[in-house]
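Trainee: Just need the structure, nothing else, for what follows:
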Amino acid sequence: MGFTVEDMLIIGQERYEMKLVAGNNGWANSISWLMMVEDLTIISNFSGKELAVTTCLGFQEEKKLLDLVMNLESHHAAGLILNTGYYITEVPKSVMDLCDELDLPLLTVPWNVVLSEMVKDLSVRIFFQGITDEKISAALIDAIEQPEEREKYVNDLLSVFDVDGEFQVVLMTTENLDAMDTVERKRIGYRLQIYMENISHNAHFFYYDGCFVLIANAVGAETLDEIIGGFEKRLRRRMPDTPIAVGMGSPVVDISNLHVSYKRALAAVKRAMRKKENRLNFDELGVDRLLLSVKDKALLEEMGPKLLAPVLEYDREHDGNYEETLYNYLKYDGSIQTVGKVMFIHRNTITYRMNKIRELLGNNLETAEDRLPYEIACRIMRL
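Mentor: Now for the predicted structure:
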């Protein structure tokens, strides 16, 4: 996940007497760059993931510090470093409380630290970590596209992943993501990374083929579910006008099986987009997992819309919902009473519709063998 606040703190504790004083939950925030900030003007140019550094010259009053924190949060910054000991000697409790509330990492370095040297040092580390991340992304894409060519990608991943361990792919996308210009897409990606708290070097985040990709390595199902749940909460709060669909693939063992988790996550995220749902987990889709894995689109057409053609045509001509009636009838094992309750329709109407449907299909739907093809067809219609 790039050069993170945790990485910076490991280096900075000894070298720059750096301390994390609030916003601890943002420890895994990745940093795109360090920016000196002495007033609020420059923050309007933030793209996301910037870490602000200030001597507090322009933020000596408590209210101004609070305004700074709120501006950084609204522009999706990775965190804030205060240079204490001259313009301010102590960090106000209200500022620390606000950073805790927003999960925005707040760090301090003492006045004797030469900020220019610190910023240069950390910026170089961020730059080289970026190069490394690009190399890792390329290797993971090779693992997805050419899983059988293990020797081509595994050496680039050995230093960061347990390549024989468990992997799980999570995909995130929104409408027209692939058509966006690179700057706008990168800006969204930066923001999504900031919302992905509590996951660091056992994961990697990148853009590929119309989706943002999160690949988790040796992260338990419960932990990953909590991380994605927290991500969705922050997403709704900070980007309410940008609906993001999330698809989760199956956990797989060994990097050479990463493509399996990816393909399943792709099926889940595509379905989430069509259904306008926030998140779908492939492993929770029941029998539909089989249908979503079918590559032969002509076969799906033949077993779905073509099989149901008489009912679908009747619905088009009469503005009806016989196909939905059939779906519920099959779903609830032929219980007219249950179908009536679910659809808020009198049972006599359901009985009439089912008689008409049997006539249209030329099938009495009496046995399980009779019903199965039509149940599959209705499921295909809902993929």
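
Trainee: Which residue ranges of this protein form strands?
Mentor: Ranges of strands in the chain, per DSSP state E, are 19-22, 33-36, 50-54, 79-84, 106-110, 166-173, 203-208, 211-217, 245-248, 252-253, 279-281.

Trainee: Switch these over to JSON lines; also include mean pLDDT, distance to residue 295 and mean neighbour count.
Mentor: Where you see a C-beta, it was placed from the backbone N, CA and C, and this is true even at glycine. Formatted as JSON lines, the strands of the chain follow (pLDDT from 0 to 100; distance: least, C-beta to C-beta, whole Å; neighbours: other C-beta atoms under 10 Å):
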{"stretch": "strand 19-22", "mean pLDDT": "97", "distance to residue 295": "49", "mean neighbour count": "20"}
{"stretch": "strand 33-36", "mean pLDDT": "95", "distance to residue 295": "43", "mean neighbour count": "17"}
{"stretch": "strand 50-54", "mean pLDDT": "97", "distance to residue 295": "43", "mean neighbour count": "23"}
{"stretch": "strand 79-84", "mean pLDDT": "98", "distance to residue 295": "45", "mean neighbour count": "24"}
{"stretch": "strand 106-110", "mean pLDDT": "98", "distance to residue 295": "50", "mean neighbour count": "21"}
{"stretch": "strand 166-173", "mean pLDDT": "97", "distance to residue 295": "18", "mean neighbour count": "26"}
{"stretch": "strand 203-208", "mean pLDDT": "94", "distance to residue 295": "20", "mean neighbour count": "19"}
{"stretch": "strand 211-217", "mean pLDDT": "96", "distance to residue 295": "19", "mean neighbour count": "24"}
{"stretch": "strand 245-248", "mean pLDDT": "96", "distance to residue 295": "17", "mean neighbour count": "25"}
{"stretch": "strand 252-253", "mean pLDDT": "97", "distance to residue 295": "19", "mean neighbour count": "14"}
{"stretch": "strand 279-281", "mean pLDDT": "95", "distance to residue 295": "19", "mean neighbour count": "21"}
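
Trainee: Residue 15: neighbouring residues, count only.
Mentor: 14 (other C-beta atoms under 10 Å).

Trainee: And it, how far from residue 121?
Mentor: 8 Å (C-beta to C-beta, to the nearest Å).

Trainee: same thing with residue 221?
Mentor: 39 Å.

Trainee: and if you look at residue 56?
Mentor: Applying C-beta to C-beta to residue 56 and residue 121 gives a distance of 21 Å.

Trainee: Can you name the residues in contact with the helix or strand of the chain with the lowest mean pLDDT?
Mentor: Ranked by mean pLDDT, DSSP states H and E, the weakest helix or strand in the chain is helix 288-292, scoring a mean of 87. For helix 288-292, contacts defined as C-beta atoms under 8 Å, 6 or more residues apart in numbering pick out 264, 267-268, 271, 282-283, 285, 300, 376, 379-380, 382-383.

Trainee: What's the local residue count around the residue lying closest to residue 283 once chain neighbours are set aside?
Mentor: Computed as C-beta to C-beta, 6 or more residues apart in numbering, the closest residue to residue 283 that is not its neighbour in sequence is residue 250, at 5.3 Å. For residue 250, the neighbour count with other C-beta under 10 Å is 18.

Trainee: do the same with residue 287
Mentor: Counted with other C-beta under 10 Å, residue 287 comes out at 10.

Trainee: repeat for residue 379
Mentor: Counted with other C-beta under 10 Å, residue 379 comes out at 20.

Trainee: now residue 266
Mentor: Neighbour number of residue 266 under other C-beta under 10 Å is 22.

Trainee: same question, residue 120
Mentor: Residue 120, neighbours per other C-beta under 10 Å, totals 12.

Trainee: Can you give me the buried ones in the least confident helix or strand of the chain?
Mentor: For helix 288-292, burial by neighbour count (16 or more other C-beta atoms under 10 Å) applies to 288, 291, 292.

Trainee: what's the distance between the last one and residue 376?
Mentor: When you say that, I think you mean residue 292. Distance, residue 292 to residue 376, by C-beta to C-beta: 13 Å.
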